[in-house]
Structure formats: C-alpha cells, structure tokens
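K.L.:
next come a sequence and a model predicted from it.
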Amino acid sequence: MGTNTSTNIKDFHIQKIADVDMEYVIGEYESPDNIAEWQWIESNASYPCKDNGHSGIWDFVLNVGMFIDNDVEGIPPKLQKLLKSAYENDISYILFNQGC
C-alpha cells in the first residue's frame, strides 16, 4: 500500500451511471426469465442481483466500455442501440432494473 491515500471523492475518477427501467426498452412483460434482452444482460453484467429482498427484483450493472469496441454479434438489437447511445453520452455504466 502506497503512502498516497485519499478520502476526498474529488481525487478519484468520477464516472456516470444510467438507471434504465427495462420496461421502457422492451415494453411490458411478466417475468424477465425468458426475455432475450434480460438473458444477455444477466450473462454480461459486471454486478448481478436477482434476489433483491422478498420480491426478487432484478438489478444488473453493465460496464458500457466492455462492449463498444467488440463485435455486436449476439447483443439484442435494442440493447445495441442503448449501448451506443450510452457510449456517445459518456455513460460508463448502466444499471438495468425492473423499475420497482
């Protein structure tokens, strides 16, 4: 551990995170279990949470930079557009959730 430590948040790299309710991306749905976009997010998320309290709300954090320079094959089209838009607006991460 070095001697240069800090507890001032301004000394760290500040990034933006978008909060995305998936209903606005894919429309109304009953359960995320069989939705292609949710399955892709679950497989590629940096931070997953499917058992959020008693309701089982899904929350996933995705690192946008991991997918911008890579081949988009396998990424559902709606998510391709969302990731591109996030990148163009300097969003580093997206928190995908069920809006609850």
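P.N.:
Structure's in. What do you need? This is a predicted model, so every value here is computed, not measured.

K.L.:
would you state the helices of this protein in chain order?
P.N.:
22-26, 36-44, 65-68, 77-88 (DSSP state H).

K.L.:
and the average pLDDT for the last one is what?
P.N.:
If you average the pLDDT over helix 77-88, you get 92.

K.L.:
quick one: it to helix 36-44, angle?
P.N.:
Angle, helix 77-88 to helix 36-44, by axes from the mean of the first three to the mean of the last three CA atoms, to 10 degrees: 60 degrees.

K.L.:
burial check on Met66, number of neighbours?
P.N.:
Neighbour count for Met66, taken as other CB atoms under 10 Å: 12. Yep, even glycine has a C-beta here, placed from its N, CA and C like the rest.

K.L.:
surely Asn97 meets Trp58?
P.N.:
Yes - shown here, Asn97 and Trp58 form a contact pair, counting by CB atoms under 8 Å, at 6.8 Å.

K.L.:
so what's Asn63 up against?
P.N.:
46, 92-93 (CB atoms under 8 Å, 6 or more residues apart in numbering).

K.L.:
cool, and Pro76?
P.N.:
By CB under 8 Å, 6+ apart, the residues touching Pro76 are 36-37, 40.

K.L.:
how close does it sit to Thr7?
P.N.:
Distance, Pro76 to Thr7, using CB to CB, to the nearest Å: 41 Å.

K.L.:
repeat that for Cys49.
P.N.:
According to CB to CB, Cys49 stands 27 Å off from Thr7.

K.L.:
so between those two, which is more surrounded?
P.N.:
Neighbour totals were compared for Cys49 and Thr7, and Cys49 leads with 14 against 5 (other CB under 10 Å).
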